[in-house]
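Asker: coords please:
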Amino acid sequence: MAIVRALRGHEPQFGADCFLAETAVVVGEVTMGHRCTVWYNAVVRGDVHSITIGDDTNIQDGAIIHGTYQKAKTVIGSKVSIAHQAVVHGCTVEDEVLIGMGAIIMDDAVIGRGSVIAAGAIVLPGTQVEPGSIYAGIPAKKVKDVGEEMKAVIARTARNYPMYAKWYGE
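Answerer: This is a model prediction of the structure:
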């Protein structure tokens with residue numbers, strides 16, 4: 001069973017049909033929308049600031065979601081896919097975004113709607129990622145616009161994770 005823990009007077013809140021893997025951790029001031037999934041060894045730690053997550057968002061294995069005390073809350077939109085071992089810290093991620101494996105998004109960055117952060121990229125503090133763009137590298141820079149094929153990948157990934165979660169209830 002996942003670790004879900006109240007802290008400092010805040011209890012995590014979940015929408016309908018959320019899935020938490022047995023080794024997922026969700027602590028403190030966390031509000032999660034409907035049909036979200038938090039996978040194995042992922043940590044959503046709302047101990048030092050709030051974390052708000054929209055609907056149909058998946059937080060994959062080993063990902064870490066956190067903020068900075070008295071400075072940077074984390075806001076994640078709907079239909080967002082946060083891939084394996086990514087770190088999303090004290091930033092805003094708008095709707096329909098794909099964050100690649102091992103990517104790091106730092107405080108006060110804003111990831112625009114429909115964007116992709118490539119695997120292994122590091123988005124520096126305060127970076128403004130324009131909507132519909134692909135950022136890659138260290139530090140992450142725009143490499144191109146999101147095309148139709150990648151838009152389909154973003155939508156398919158967000159759509160598939162609630163389906164995968166249902167397999168665990170069978």
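Asker: make it CA atoms for all contacts and neighbour counts henceforth
Answerer: OK.
Asker: Quick check on the residue nearest the centre of the chain: phi, psi?
Answerer: Central residue of the chain (CA atoms, centre = their mean): residue 82, 4.3 Å from the mean position. The phi and psi values for residue 82, taken as degrees, to the nearest 10, are phi -110, psi 110.
Asker: Please look at it and residue 102 and confirm they touch.
Answerer: No. Counting by CA atoms under 8 Å, residue 82 does not reach residue 102; the two are 9.4 Å apart.
Asker: and residue 155, that's in a helix?
Answerer: Yes. Read with DSSP: H, G, I helix; E, B strand; the rest coil, residue 155 is one of the residues of a helix.
Asker: Per-residue pLDDT of it, please?
Answerer: pLDDT for residue 155: 98.
Asker: picking up where we left off before, the residue nearest to the centre of the chain pairs with what?
Answerer: residue 59, residue 99 (DSSP bridges).
Asker: Which strands or helices does the longest strand along the chain pack on?
Answerer: Secondary structure of the chain per DSSP state E: the longest strand is strand 43-53. Using 3 or more CA pairs under 8 Å, 6 or more residues apart in numbering; DSSP states H and E, the elements in contact with strand 43-53 are strand 25-32, strand 64-66, strand 74-76.
Asker: Let's have the ones you listed in a markdown table, adding mean neighbour count and mean pLDDT.
Answerer: Below are the helices and strands packed on strand 43-53 laid out as a markdown table (neighbours: other CA atoms under 10 Å; pLDDT from 0 to 100):
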| stretch | mean neighbour count | mean pLDDT |
| --- | --- | --- |
| strand 25-32 | 22 | 98 |
| strand 64-66 | 23 | 98 |
| strand 74-76 | 24 | 98 |
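Asker: CSV please, covering those strands and showing distance to residue 45.
Answerer: Formatted as CSV, the helices and strands packed on strand 43-53 follow (distance: least, CA to CA, whole Å):
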stretch, distance to residue 45
strand 25-32, 5
strand 64-66, 5
strand 74-76, 10
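Asker: Of all these, which one is nearest residue 120?
Answerer: Ranking those by proximity to residue 120 (CA to CA) places strand 64-66 first, at 14.2 Å.
Asker: ranges for the helices of the protein?
Answerer: Using DSSP state H, the helices assigned to the chain run over residues 148-167.
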